[in-house]
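> Generate coordinates for the sequence data below:
(one chain, ligands or ions: 1)
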Amino acid sequence: MKLYYWPKTRSFRLMWAMEELGEPYELVRVDLSKGEQHEPAFRAVNPFGKVPALSDGEVSVADSGAILLYLGDRFPEKALSPALSAPERGRYLQWMFFPGACLEPAAIEKVMGLPTNTMMRGWGDWERVLRHIREALEAGPWLVGGAFTFADLYLGSTLDTLIRFNVLAPEPPIGEYIERLRARPAYRRACAIEDAEIKALNLG
Ligand SMILES: N[C@@H](CCC(=O)N[C@@H](CS)C(=O)NCC(=O)O)C(=O)O
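A predicted model of the protein is given here:
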């Protein structure tokens, strides 16, 4: 498998996912500063011209949530996504769309100070999004089925970024959740690879 990647981007979460899976993969740099995301060779993998993207033999898939869904189903034996017939599958799918469809737009609206309209916007608003996350995390250490899944990786990596950029305070229960995620060996391995890439590319 090839993971199309550039440091300090949303690609980090897919590197983390690959480390959780423990399957061999090749990191392919797409230099966003040189516009390589617009080159035909990369557009063949992701016509939208953004990282992360993944190729697996003849399969190409892009967008964090879609790649995570693909990987979870591609390696069912790793138990990083609930089985198709499992009751938790419904909530899992719901959470797999939430970071991109609700959390990110609500955070952008908040950071930019844009007017909200919780009835009209698909994401509600920042407070509604946070309430939903807090309630889910108060019910258990992980989002679905009592075990870590790619839904936690997707939500957690987005919250992690918001905390690092001071958009969100690491208060309970979100703060503890992020600590649990950051303690995972696969997360730490992904951080080490990212740090080495940043150093190698002088992006510090
Ligand atoms: N919804 C996408 C967003 C991907 C995205 O915006 N990637 C940025 C880097 S974080 C990018 O490739 N930007 C380059 C560009 O838009 O030209 C996902 O979650 O994968």
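> Only C-alpha atoms from now on, for both contacts and neighbour counts.
OK.
> Determine whether the claim that Cys102 is in a strand is correct.
No - read with DSSP: H, G, I helix; E, B strand; the rest coil, Cys102 is helix and lies in no strand.
> quick one, what contacts the nearest residue to it once chain neighbours are set aside?
Spatial nearest neighbour of Cys102, excluding adjacent residues (C-alpha to C-alpha, 6 or more residues apart in numbering): Trp123 at 4.2 Å. Contacts for Trp123 (C-alpha atoms under 8 Å, 6 or more residues apart in numbering) come out as Ala101, Cys102, Leu103, Pro105, Ala106, Val129.
> any idea of the pLDDT on Trp123?
pLDDT recorded at Trp123 is 97.
> What of Gly204?
87.
> ok, back up a step: if you rank the contacts of Trp123 by neighbours, which is first?
Ala106 (26 neighbours; other C-alpha atoms under 10 Å).
> nearest residue to it other than its sequence neighbours?
The nearest residue in space to Ala106 (C-alpha to C-alpha, 6+ apart) is Trp126, at 4.9 Å.
> Can you tell me how far the one you found is from Pro40?
38 Å (C-alpha to C-alpha, to the nearest Å).
> which of the contacts of Trp123 lies closest to the ligand?
Distances from the ligand to the contacts of Trp123, taken as C-alpha to the nearest ligand atom, are shortest for Ala101 (8.8 Å).
> Now do the nearest residue in space to the closest one that is not next to it in sequence against the ligand, distance only.
Of all residues not flanking Ala101 in the chain, Trp123 sits nearest, at 6.7 Å (C-alpha to C-alpha, 6+ apart). Plainly put, Trp123 is 15 Å away from the ligand if you go by C-alpha to the nearest ligand atom, to the nearest Å.
> Got the confidence number for the residue most central in space within the chain?
The centre of the chain sits closest to Tyr154, judged by C-alpha atoms, centre = their mean, with a distance of 3.3 Å. We have a pLDDT of 98 for Tyr154.
> Same check on the one 10 residues further on?
Looking at Arg164, its pLDDT reads 96.
> and it, how many neighbours does it have?
When neighbours are defined as other C-alpha under 10 Å, Arg164 has 11 of them.
> Any figure for the gap between Thr149 and the ligand?
With C-alpha to the nearest ligand atom as the criterion, Thr149 and the ligand are 17 Å apart.
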